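J.: how would this look folded up:
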Amino acid sequence: FSRRRWAGRHRPPPWGGYCGGARSGSPGPRQGTRAPVRTGRRIGLLAVGVALVAPLGLPTMNGGLLDPAGSGVGPGSGGGGTISAVNPLVSLRDSLNVDEDRQVMSVRSQAENVSDLYLRIVSLDDFDGTTWKPSKRSITTVPDDAFPTPAGLGPDIEREEVGTTISTADWYGQDWLPMPYPPSGVDIRGNWRYEPVGMTLVGDHGQNTRGLTYQVRSLDVRPTAEQLADASAPPAALERDYTELPDSLPAVVSRTARDVTEGATNAYDRAVMLQEYFTLTGGFEYDTEVDVGSGSEAIARFLRDKEGFCVHFSFAMASMARSLDIPARVAVGFAPGTPQADGTVAVGLRDAHAWPELYFEGVGWTRFEPTPTRGSVPEYTVPETPDSALPDPARPSEAEPSEPSAAPSESESCSVRQQRLDDCASEAPLVTLPTDGDGPKWYVVLAWVLGGLAVLVLPLAPMLWRLRTRSVRLGAHGRSEAGTASHTLAVWDELTDAAWDVGVSPDESLTPRKAAARIVRLGRLDPDAAASVHRVADAVEQVLYAPRPRPAAGLTDDVRRVAAGLRSGAGRGARLRALFLPRSTVRVVWAASARWAAVRHRVLALRPVWRGPTWRRPSRQRG
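T.: Numbers count the residues shown, from 1 in each chain. So this is what the prediction gives:
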């Protein structure tokens, strides 16, 4: 059946309302009724019967994440409905604001990087000025073999097919099947239908995802920035359907899009600039407690107040992209979940997410991520920075100058840091202390000097220890391990200690991603410093969870940028305390306590063993 036939029906009668149509034993028409009247009544009864029976052949569109009632979970009312009634804005907010982050599904994937494993449920491509919703489209049987190639994907784009096994919770009844996009094949039991335009599966005759385990084959598409920038114009019909905007859309949306993308020369550059406007340069904040709003002014209010959650960011970016003649739609599903020790990924209610998909000819529908602190930014939208800290073997080392320096060289036995701390031996001749009885003894003078140094150094000991720790972690002593796992973890420790020094205490129960969001929020960091925090957190998650972590360059500069931002956002008293009495120096006490416990354990292991009235030391048994 085609859903277009039911476009005028807001809600079919409830399933229990159908009693089989006209009864077989009902009395016939009155004698003497004219033939045209009898024929008209028969046609009317037949039409009523078709209207009641036909909805039984259509899958239900409510329930689960896209429940129009906004519950965010559960099977819904089971009353049919059409896809146009779906309102993900309300239900997504409710899912993100639940008190308990219940696990929705467990995912095990062959993908190298699970931080990019988005699970897509449905795409929203019909924008009426108030909200985005799915178009009414026909559904078919699920292909037995491989799914068709996604629309627009050319043969020269690198791709890899990966397998993913998904197990859903017994309480999670979703009519749409969560899958990585684009799927190339599905192995699942039950009654499911295939919607070819969105490449989604929907349950038929009450089928849902409750307690299911299924396998999905999907394509990991890896376009380059050059391929996206060189994309040709999309087909005319696709561009017409996916760039349509209602007349009620406020002019500020298109005007802001033009201002943000000024100077861009192609659609890809405009898309990246829109993404960076929301995540970095625009000053937007992620907040699930804001009022959702309604009507055509909702996007305008979001652009003005700059507060919202994933629905606001995705709706706004898709609308602005369409105003720039870039085909766009919104995908609804789940952001990457939390990796577990057994190799699976746990996806919870708070991972519910929405993101825009933009179309580029030769690549197809391409994911973007405008929501700050959520999901992961695609690699093809991140420019390669030329100031990478990774060494280039093709170039000579820059450690040795090509020409002799005019400045005097520093002493081999005294570093620059020691010179700044006045920790170098004086090159002046030693003053001979008097040794006769008329002056103070030399050991008395030495004692006074050492006592004075102790009085000066002890108050500065926390600051000196902190400086030493920072220089070692950031590789300031020539032992830089930029790009290695140990260096990544060391700079993360330095970042969290820098936040701790200004009052943002660490929370060991949080994942790096959530800890980064907490530091950004409590430290009131600007967009540049916030981006640096998330880059370091992403690198840490690569080290902890990725089978083959990608090397991350420039982390040292990111940490210094974050530290400067934290200091600028703190008060004068907090800055002075962070310098002279940093809170993170308590780690010295912890380390000393651990060492003392280890020494005490070894000493107790050597004590004599009591043997009744006499005691003796344990000795080897003679053989």
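J.: now for the helix or strand containing A454, which elements pack on it?
T.: For A454, the element it lies in under DSSP states H and E is helix 442-473. Using 3 or more C-beta pairs under 8 Å, 6 or more residues apart in numbering; DSSP states H and E, the elements in contact with helix 442-473 are helix 485-501, helix 572-580. Glycine gets a C-beta too; all of them are placed from N, C-alpha and C.
J.: weakest of these by average pLDDT?
T.: Ranked by mean pLDDT, the helices and strands packed on helix 442-473 bottom out at helix 572-580, with a mean of 87.
J.: What are the buried residues along it?
T.: 575, 577-578 (16 or more other C-beta atoms under 10 Å).
J.: Could you dump the residues you listed into JSON lines with distance to E100 added?
T.: Formatted as JSON lines, the buried residues of helix 572-580 follow (distance: C-beta to C-beta, whole Å):
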{"residue": "R575", "distance to E100": "39"}
{"residue": "R577", "distance to E100": "38"}
{"residue": "A578", "distance to E100": "36"}
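J.: which one of the residues you listed is nearest P143?
T.: The closest of these to P143 turns out to be A578 (C-beta to C-beta; 60.8 Å).
J.: nearest spatial neighbour of the closest one, skipping sequence neighbours?
T.: D501 (3.9 Å; C-beta to C-beta, 6 or more residues apart in numbering).
J.: That neighbour and H487, how far apart?
T.: The gap separating D501 from H487 is 21 Å, by C-beta to C-beta, to the nearest Å.
J.: Same list, the helices and strands packed on helix 442-473, but as JSON lines with distance to V142 please.
T.: Formatted as JSON lines, the helices and strands packed on helix 442-473 follow (distance: least, C-beta to C-beta, whole Å):
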{"stretch": "helix 485-501", "distance to V142": "43"}
{"stretch": "helix 572-580", "distance to V142": "60"}
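J.: quick one, what contacts T488?
T.: Residues counted as contacts of T488 (C-beta atoms under 8 Å, 6 or more residues apart in numbering) are 536, 539-540, 542-543, 549, 552, 555.
J.: again, 7 Å this time
T.: Counting by C-beta atoms under 7 Å, 6 or more residues apart in numbering, T488 makes contact with 539-540, 543, 552, 555.
J.: what's the farthest-apart pair in those residues?
T.: V543 and L555 (11.0 Å).
J.: neighbour count winner among the two?
T.: For the pair V543 and L555, the greater number of neighbours falls to L555 (26 against 18), based on other C-beta atoms under 10 Å.
J.: which stretches of the stretch 351-500 of the chain have low pLDDT?
T.: Low-confidence segments of the stretch 351-500 of the chain (pLDDT under 70): 383-440, 476-483.
J.: By mean pLDDT, point me to the weakest helix or strand of this protein.
T.: The weakest-scoring helix or strand in the chain, judged by mean pLDDT, DSSP states H and E, is helix 416-420 (a mean of 43).
J.: returning to what we had before: now, which of the buried residues of helix 572-580 sits nearest V186?
T.: A578 (54.2 Å).
J.: wait, is W355 part of a strand?
T.: Yes. The assignment for W355 is a strand, going by DSSP: H, G, I helix; E, B strand; the rest coil.
J.: Good, we can wrap up now.
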